[in-house]
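> Pasting the sequence and the predicted model now:
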Amino acid sequence: MENKGNSGGAAAAIQRERPTLKTIAFMTGLGITTVSRALKDAPDIGAETKERVRMVARQLGYQPNRAGVRLRTGKTNVIALVLSIDEEIMGFSSQMVFGISEVLTGTPYHIVVTPHSHSKDPMLPVRYILDTGSADGVIISRIEPDDPRVRLLAEQNMPFATHGRTDAGLVHPYHDFDNESFAHEAVKRLVERGRRRIALLQPASKLTYYAHTRIGFQTGLHDYGAEEVPLRVNTDTPLEEVKAAVEAMMRMPNAPDGIVCSAGSAAIAVNAGIEATSKRVGYDIDMVSKQSAPILNWIRPEIITANEDVRHAGRELAKAVIARIDGIEPELLQSISKPVWPDDRR
């Protein structure tokens, strides 16, 4: 009886401490090596044993000791997401994080977000990760045609994936949105509503998807017989300036009767600029915009929207960077998603 009581006391003491592999081994009656291999899904460990080990690990709230893992293997089990804080509006960054987290659940990896502003040096967060060895893989966004971050990551043999493509002959993992298709279809939908003078709120010219958007837009104008009304701001312009520029444009004698907007957050400012002139979307002018969450349709249902599934992008990027860590060739880790239009959602 005395020994039994001591055993129960030992179990209670172990549970009060941070659970380790030794804790799980004690609770399951298995060896530490067996527990470790079961948690890593080793093929020589039976399914019943794996499930028993995982159940006890969940009940105890077991988390791997990252410092210990790094000392033993040289790995951090960290995927670093370098994300612009300017993209937080309209839920872009949160959807990206959700998508990545869905894939990382059940793997040894977890996400660490490294925020930065697109007005600062974009190389800083990437250099920090490389200099400190603080991640096993990296995900970056706001990609430029010849992006120095991509070149540096490739030179340093750091597994990575990009939200967007480069255009400099370097093969790398990416997931992108088909902005060319979006802009072309946007012009078509505006022309179908009788609009002929169309403005484009385009991405910043330094980004790769600027060229994709411009090609789709200009091809659409040519194919459907419309003309462009120049708009001298872009999606990186502060929203107050976007609103002011659109308001000034709408007061001109040759104001547009259609607008294509390359970002959901900027579409709010575009709408405000239009309404400041006592004109209204869906009546005096039509607007087509991308969005990553259905907020625009709540604010102004008359806006024609195409969904960019950023959560899906996060999932694809997480899968790509893990596959790259595992040695899969980068040309096999490239994907592009199509815009989803209202009639596609029925």
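Nice, thanks for sending it over.
> CA atoms for contacts and neighbours, from now on please.
Will do.
> Tell me where the stretch 101-250 of the chain is predicted with low confidence.
The stretch 101-250 of the chain contains no residues with pLDDT under 70.
> Go again with 90.
105-108, 114-122, 132-134, 168 (pLDDT under 90).
> which residues of it fall in strands?
110-116, 137-140, 160-163, 174-177, 197-201, 227-228 (DSSP state E, counting those that start in this stretch).
> For those strands, give me TSV that also has distance to Ala154 and mean neighbour count.
Putting those into TSV (distance: least, Cα to Cα, whole Å; neighbours: other Cα atoms under 10 Å) gives the following:
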stretch	distance to Ala154	mean neighbour count
strand 110-116	19	16
strand 137-140	11	26
strand 160-163	8	26
strand 174-177	13	23
strand 197-201	33	24
strand 227-228	39	16
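> Could you dump those into JSON lines and include distance to Glu51?
Formatted as JSON lines, the strands of the stretch 101-250 of the chain follow (distance: least, Cα to Cα, whole Å):
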{"stretch": "strand 110-116", "distance to Glu51": "21"}
{"stretch": "strand 137-140", "distance to Glu51": "28"}
{"stretch": "strand 160-163", "distance to Glu51": "32"}
{"stretch": "strand 174-177", "distance to Glu51": "34"}
{"stretch": "strand 197-201", "distance to Glu51": "53"}
{"stretch": "strand 227-228", "distance to Glu51": "61"}
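> so which of these gets nearest Val103?
Of all those, it is strand 110-116 that lies closest to Val103, at 9.6 Å by Cα to Cα.
> What pairs with the closest one, parallel or antiparallel?
strand 78-84 (parallel) (DSSP bridges).
> Just the mean pLDDT for the partner strand, thanks.
Averaged over strand 78-84, pLDDT sits at 92.
> now the helices: where do they sit in the stretch 151-300 of the chain?
179-192, 208-224, 239-250, 264-275, 295-299 (DSSP state H, counting those that start in this stretch).
> got JSON lines for these, with mean neighbour count and distance to Leu152 too?
Shown next, in JSON lines, are the helices of the stretch 151-300 of the chain (neighbours: other Cα atoms under 10 Å; distance: least, Cα to Cα, whole Å):
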{"stretch": "helix 179-192", "mean neighbour count": "22", "distance to Leu152": "26"}
{"stretch": "helix 208-224", "mean neighbour count": "19", "distance to Leu152": "18"}
{"stretch": "helix 239-250", "mean neighbour count": "20", "distance to Leu152": "33"}
{"stretch": "helix 264-275", "mean neighbour count": "23", "distance to Leu152": "31"}
{"stretch": "helix 295-299", "mean neighbour count": "14", "distance to Leu152": "37"}
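> Adding distance to Tyr62, write the ones you listed out as JSON lines.
Converted to JSON lines, those look like this (distance: least, Cα to Cα, whole Å):
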{"stretch": "helix 179-192", "distance to Tyr62": "43"}
{"stretch": "helix 208-224", "distance to Tyr62": "43"}
{"stretch": "helix 239-250", "distance to Tyr62": "45"}
{"stretch": "helix 264-275", "distance to Tyr62": "40"}
{"stretch": "helix 295-299", "distance to Tyr62": "38"}
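> who wins for proximity to Val138 among the ones you listed?
helix 208-224 (19.2 Å).
> which other residues reach that closest one?
With Cα atoms under 8 Å, 6 or more residues apart in numbering as the test, helix 208-224 has contacts from 143-145, 164-167, 178-188, 191, 200, 202-205, 226-228.
> Outline the domain layout of the chain.
By the assignment in automatic domain parsing, the chain contains the domains 2-63, 72-172+310-337, 179-307.
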